[in-house]
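# got a predicted structure here, sequence first:
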Amino acid sequence: MQIVMMTNTYLPMVGGVSRSVAGFAQAFRAAGHRVLVVAPTFPGTPPTEDDVARMPAIQRFYGSEFSVGLPVPGMLLPRLERFAPDIIHAHHPFLLGDTALRSAAHFNVPAVFTHHTMYEHYTHYVPGNSPAMRQFAAALATEFANLCDHVIAPSGSIAEILRRRGVTVPITAIPSGIDLGRFATAQGPRGRITCGIPPNARVVGHVGRLTKEKNLGFLARAVARVLRKRPDAWFLVVGSGPAEAEIRIACEAAEVAGRLLLAGRLDNQELADAYAAMDVFAFASLSETQGLVLAEAMAAGIPGVAIDAPGARDVLIDGVNGRLLETADEEVFATATVDLLDLPTQRLDDFRCQARATAASLAMPICAERVLRLYESLLGGGHRGAIHDPSPWAAGLRRLDEEWNLLAGKGAALLRTESPADA
C-alpha cells in the first residue's frame, strides 16, 4: 500500500503523537508498504529526510512548542501525485487534517483519523481560551471524525467517549504501539548514573512534556509528600516545558528539592535506562487518550500509580500492575506510592511481571498489523462518497463536495457550543 500520514506534530518534536506517527510509519515500511509523512517544519528538522514532506509553518505558536502549518495552495499536490496514495491517514482534525480530507477527496481514496488528543484540554495554547472554546474544540473534532471513513481511538475508553459525543462513523480502538526492543537492553543502574541518582535510592519517576494539561502541580505536591515520608526516596522527572518551575516550587515548599532531579529531555537508550532506573512511575494527567508513558514504564517492568481517567484506566489494573486511584487526592496518591515502594520482594516481582505482560500486548508489530488490516478492509469495501469515475469533472465534484463538508462541519461545531458538552 501507498500510505500518507498527515500530522501537525512530528519529529524532532517530542510527544505522544510524534512518536506514534514515527513508530507506525517505521512498522508499515518494515512490512513492505510505502509511507509518506506530511508534517510542518520544526526547529531542528533534518535538512534531508526520506519520505517526509515538510510544510512551511509558524514556529513556537503563542510560545508553545508547536508549529502551525501554513496553507500553501498547490505546494503538496505534485508530491502526492507522484506518490499516488491508496489511503490517507489524518492525525489531527484541523490544519493538516483539513488537507488530509481534501487530498482524500482529490485522489478518491479512504480517509482515516486517529483521535489522539482530547483537544478541549489544550485550548490554553490559543488566545480567547474559555468554556465555549473548549466546547468548540471537542465539537470540531467530532464533526471532523464524521467526515472520515473510519476513526481510530487509542483506547477503549476514548472510543466510548467519542460515541457519546456523536461520532457515527465506525470506530476501532487501536493503541499506539510500543517498541519493546529498546526496553530489552535498558539498564536501571546505568540510568541512575546518567541522572545522578544514588544507587540505593528509591525512585519515583515521571516522563512527559511538562505542560499545564498534564496536572503536574498535583503530581509534584503528591510526590513531595512521598519524599517527606521516605528520606531515601528521590523524584526523577524526564521532560521539559513551562511546568518545570511548578514542580520545583512544590518540592522547595516541602523542603525536598535536594532530592528532585529534572533530567530534561532524554531519548532512545537514555530514556529507556531512565525508565528502568525508577521503582514507581507516577502519573496524574486527566487529559490522556492512552497514557503511552505509563505503558512504556510497564515495558521496563515499572508499576505505576495514576488517577482513574481515560487512557490510564485502559492500561493500569489496580492491585495487579500498579495502583489506579478513584479520587484525585494528594495524600491518597502519596500513600499508594509509598505502599508500592514498601512491597515485599516477591509481591513487587509479581507487579513487575504483570506490568511487562501488559506492555507486551501493546507491542508495535501487533498494533501496526491491526491498523494495516483496517486499511485493507477500507480498500476492499469502498469508502464514504467514493465515485468510480476517473474523469477530471468527477474529481472536481469530489473536491467541491469536500470543501462544503469541511465548512458545514465547522458550522455545526459552532452550533454545538451553544449547549453543554456531552462529555
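On my side now, so go ahead. Residues are numbered from 1 along each chain as shown.

# so where's the protein shaky on pLDDT?
Filtered on pLDDT under 70, the chain yields the residue ranges 57-74, 121-129, 381-423.

# could you chop the chain up by domain?
Residue ranges for the domains of the chain, per automatic domain parsing: 2-177+364-416, 184-360.

# with mean neighbour count added, can I get those domains in TSV?
No exception for glycine: its C-beta is placed from N, CA and C like everyone else's. Compiled in TSV, these are given as follows (neighbours: other CB atoms under 10 Å):
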stretch	mean neighbour count
domain 2-177+364-416	18
domain 184-360	20
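
# spatially nearest residue to Leu96, not counting backbone neighbours?
Spatial nearest neighbour of Leu96, chain neighbours left out: Met6 (4.4 Å); criterion: CB to CB, 6 or more residues apart in numbering.

# hey, what's the one you found bridged with?
Note on Met6: beta-bridge partners Val38, Ala90, judged by DSSP bridges.

# my read: it touches Asp98, true?
No. Look at Met6 against Asp98 with CB atoms under 8 Å: they stay out of range, at 9.5 Å.

# Ala224 belongs to a strand?
No. Judged by DSSP: H, G, I helix; E, B strand; the rest coil, Ala224 forms no part of a strand; its state is helix.

# in contact with it, which residues?
235, 250-251, 253-254, 256 (CB atoms under 8 Å, 6 or more residues apart in numbering).

# hmm, Leu292 is touching Ser176, no?
Yes. With contact defined as CB under 8 Å, Leu292 reaches Ser176; the gap is 5.6 Å.

# any residues in contact with both of those two?
16, 19-20.

# in helices, which of those fall?
Secondary structure from DSSP state H places 16, 19-20 of the shared contacts of Leu292 and Ser176 in helices.

# sorry, back to before: what sits against the residue nearest to Leu96?
Neighbouring residues of Met6 by CB under 8 Å, 6+ apart: 37-39, 88-92, 96-97, 99-100, 103.

# same thing with Gly205?
By CB under 8 Å, 6+ apart, Gly205 lies in contact with 235-238, 274-275, 277-282, 297, 302.

# again, only using 7 Å
Gly205 makes contact with 236, 278, 281-282, according to CB atoms under 7 Å, 6 or more residues apart in numbering.

# CSV for the residues you listed, including secondary structure and distance to Phe107?
As requested, these are exported to CSV (DSSP: H, G, I helix; E, B strand; the rest coil; distance: CB to CB, whole Å):
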residue, secondary structure, distance to Phe107
Leu236, strand, 47
Met278, coil, 46
Phe281, strand, 43
Ala282, strand, 46
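
# what would those look like in a markdown table with distance to Glu326?
Formatted as a markdown table, the contacts of Gly205 follow (distance: CB to CB, whole Å):
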| residue | distance to Glu326 |
| --- | --- |
| Leu236 | 26 |
| Met278 | 24 |
| Phe281 | 19 |
| Ala282 | 17 |
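
# measure Thr289 to Gly258 for me?
With the distance defined as CB to CB, to the nearest Å, Thr289 ends up 36 Å from Gly258.

# and Ala295, by the same measure?
In this view, Ala295 and Gly258 are 31 Å apart by CB to CB.

# Ala299 now?
To Gly258, Ala299 is 30 Å away according to CB to CB.

# look up the closest residue to Leu271, ignoring the ones flanking it.
Per CB to CB, 6+ apart, closest to Leu271 is Val238, 6.8 Å.

# surely that neighbour forms part of a helix?
No. Membership of Val238 in a helix is not supported by three-state DSSP, which gives strand.

# would you enumerate the residues in contact with it?
By CB under 7 Å, 6+ apart, the contact list for Val238 reads 207, 263, 266, 271, 274.

# what's opposite it in the beta bridge?
According to DSSP bridges, the partner residues bridging Val238 are Val207, Gly264.

# any idea how far it is from Pro175?
Distance of Val238 to Pro175, given as CB to CB: 21 Å.

# then Arg230?
Arg230 is 33 Å from Pro175, where distance means CB to CB.

# also Phe351?
Taking CB to CB, one finds Phe351 at 21 Å from Pro175.

# same thing with Pro198?
As judged by CB to CB, Pro198 and Pro175 stand 35 Å apart.

# okay, stretch 298-315 in PDB with CA atoms only?
The C-alpha trace of stretch 298-315 is given here as PDB (Å, rounded to 0.1, in the frame of the first residue of the first chain):
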ATOM      1  CA  MET A 298       5.500  -1.100  32.200                       C
ATOM      2  CA  ALA A 299       7.700  -2.200  29.300                       C
ATOM      3  CA  ALA A 300      10.600  -1.500  31.600                       C
ATOM      4  CA  GLY A 301       8.800  -3.500  34.400                       C
ATOM      5  CA  ILE A 302       7.900  -0.500  36.400                       C
ATOM      6  CA  PRO A 303       4.500  -0.500  38.200                       C
ATOM      7  CA  GLY A 304       2.500   2.800  38.000                       C
ATOM      8  CA  VAL A 305       0.300   5.000  40.200                       C
ATOM      9  CA  ALA A 306      -2.300   7.000  38.400                       C
ATOM     10  CA  ILE A 307      -5.700   8.700  38.800                       C
ATOM     11  CA  ASP A 308      -8.600   6.800  37.200                       C
ATOM     12  CA  ALA A 309      -9.100   8.700  33.900                       C
ATOM     13  CA  PRO A 310      -9.400   7.900  30.200                       C
ATOM     14  CA  GLY A 311      -6.200   6.300  28.900                       C
ATOM     15  CA  ALA A 312      -4.800   5.400  32.300                       C
ATOM     16  CA  ARG A 313      -7.600   3.000  33.100                       C
ATOM     17  CA  ASP A 314      -7.000   1.200  29.900                       C
ATOM     18  CA  VAL A 315      -3.500   0.000  30.800                       C
END
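
# please renumber so the chain begins at 34
Yep, numbering from 34; the last one is stretch 331-348 now.

# check the offset of it from the chain's centre.
With CA atoms, centre = their mean, to the nearest Å as the basis, stretch 331-348 stands 14 Å off its chain's centre.

# same thing with stretch 330-337?
Mean C-alpha position of stretch 330-337 versus that of the full chain (CA atoms, centre = their mean) differs by 18 Å.

# and stretch 174-194, by the same measure?
Stretch 174-194 sits 14 Å away from the centroid of its parent chain (CA atoms, centre = their mean).

# that stretch: end-to-end distance?
Chord length of stretch 174-194, first to last residue, is 12 Å (CA to CA, to the nearest Å).

# show residues contacting it.
So stretch 174-194 is in contact with 126, 130, 134, 143-149, 152, 195, 198-209, 322-323, 343-344, 346-347, 407, 411, 416-417, 438, 442, 445-446, 456, going by CB under 7 Å, 6+ apart.
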